[in-house]
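1. need a structure here:
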Amino acid sequence: MKVAPSAIPGIVIHGPDSPGFEDALPSLLGRAPRELLNPALPYSVVVENTSDRLVSLLGVRFDMVGPRAKQISVVHYADTLRNPSKSDIRPGTNRFVCAEPAYTALVIRGEVAANTRGRMNLDNLRRMLSIRASIDCAAFDDGHFQGPDTHGSFARFALERESELELVRQVLAMEQETVDRIEQVLVAAVQDNEDRARRYAARKLLEALAAGPGELLARARNYHCRIPLWRSTDATRP
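-> I've put the predicted structure just below:
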């Protein structure tokens with residue numbers, strides 16, 4: 001697997017053939033047996049945070065060419081933008097990322113067995129003619145966003161944030177409405193197949209409503225959206 005150097009200061013990517021990759025593994029694996037991960041290591045990278053800030057969003061891109069020369073690209077994200085302080089990609093730490101997410105989860109959660117689907121997908125990776133890994137994007141705990149962002153996550157997260165906030169504002173404006181009416185609005189939002197962010201917010205608010213109107217209003221007033229993102233070229237930052 002080829003690895004493209006990171007263009008983001010403070011973010012370093014190590015491929016499976018690099019010393020940094022092997023050196024980081026003992027501290028990353030935890031309870032996960034090395035022999036269990038060995039089949040996945042050729043399709044994995046280690047991302048190192050050499051900055052002095054928490055990384056609250058990390059996007060690693062894998063570009064693959066299949067047996068029939070079919071080109072495939074996917075970006076795997078680690079996202080703690082709703083609670084940046086809870087990120088485990090702290091200064092001086094490493095993150096293991098595999099092209100098959102089941103093995104990434106195995107390492108992060110300290111699991112001792114890969115699921116059947118993950119093992120099957122690993123077989124698919126073995127058939128790839130080539131795989132190339134790169135850093136697609138990263139955001140720090142202050143919302144500073146960097147990277148080529150080939151899948152448009154900067155714009156997508158901004159839209160999703162506004163969609164969630166719009167629903168929260170709508171619910172807060174309905175403080176004098178009946179519980180049934182508020183529930184109707186939230187159920188309709190949960191069923192909105194066109195807006196994933198609105199569905200997410202509605203489910204969280206419905207959970208609160210089950211505990212009563214007071215809990216709903218408290219949840220809405222303290223709702224955790226992703227923090228706003230900004231680029232170095234922005235004329236103004238949040």
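2. where does the protein dip in pLDDT?
-> 30-33, 111-115, 234-238 (pLDDT under 70).
3. and with 90 instead?
-> Residue ranges of the chain with pLDDT under 90: 25-38, 67-68, 102-103, 105-123, 232-238.
4. Any chance you could list what contacts stretch 136-150?
-> If you take C-beta atoms under 8 Å, 6 or more residues apart in numbering as the criterion, stretch 136-150 is touched by 7-9, 11, 51, 53-61, 73, 75, 81, 84-85, 87, 135, 151, 153-154, 227-232, 237-238. Bear in mind the C-beta positions are built from the backbone N, C-alpha and C, glycine included.
5. quick one: which of those sit in helices?
-> When DSSP state H defines the helices, the subset of the contacts of stretch 136-150 inside them is Ser153, Phe154.
6. In this structure Arg117 contacts Pro101, no?
-> No - between Arg117 and Pro101 there is no contact under C-beta atoms under 8 Å: 9.9 Å.
7. looking at this, Arg161 is in a strand?
-> No - counting by DSSP: H, G, I helix; E, B strand; the rest coil, Arg161 falls outside a strand, being helix.
8. Torsion angles phi and psi at Ile131?
-> phi -140, psi 130 (degrees, to the nearest 10).
9. so what's it bridging to?
-> Beta-bridge partners of Ile131, counted by DSSP bridges, are Met64.
10. Now for it: which residues touch it?
-> So, once contact is read as C-beta under 8 Å, 6+ apart, Ile131 ends up touching Met1, Lys2, Tyr43, Phe62, Asp63, Met64, Val65, Ala99, Leu125.
11. Likewise for Leu58?
-> Per C-beta under 8 Å, 6+ apart, neighbours of Leu58: Ile11, Val47, Tyr77, Ala78, Ile89, Arg95, Val97, Ile135, Cys137, Ala138.
12. try it again with 6 Å
-> Neighbouring residues of Leu58 by C-beta atoms under 6 Å, 6 or more residues apart in numbering: Ala78, Ala138.
13. now swap in Cys98 and tell me
-> Cys98 touches Ala40, Tyr43, Ser44, Thr104, counting by C-beta under 6 Å, 6+ apart.
14. quick one: which of those is nearest to Tyr223?
-> Nearest to Tyr223 out of the contacts of Cys98 is Thr104 (C-beta to C-beta; 28.5 Å).
15. can I assume the closest one sits in a strand?
-> No - using three-state DSSP, the assignment for Thr104 is helix, not a strand.
16. So for it, what's the nearest residue that isn't a sequence neighbour?
-> Nearest non-adjacent residue to Thr104, counting by C-beta to C-beta, 6 or more residues apart in numbering: Cys98, 4.8 Å away.
17. Appreciated, that's everything.
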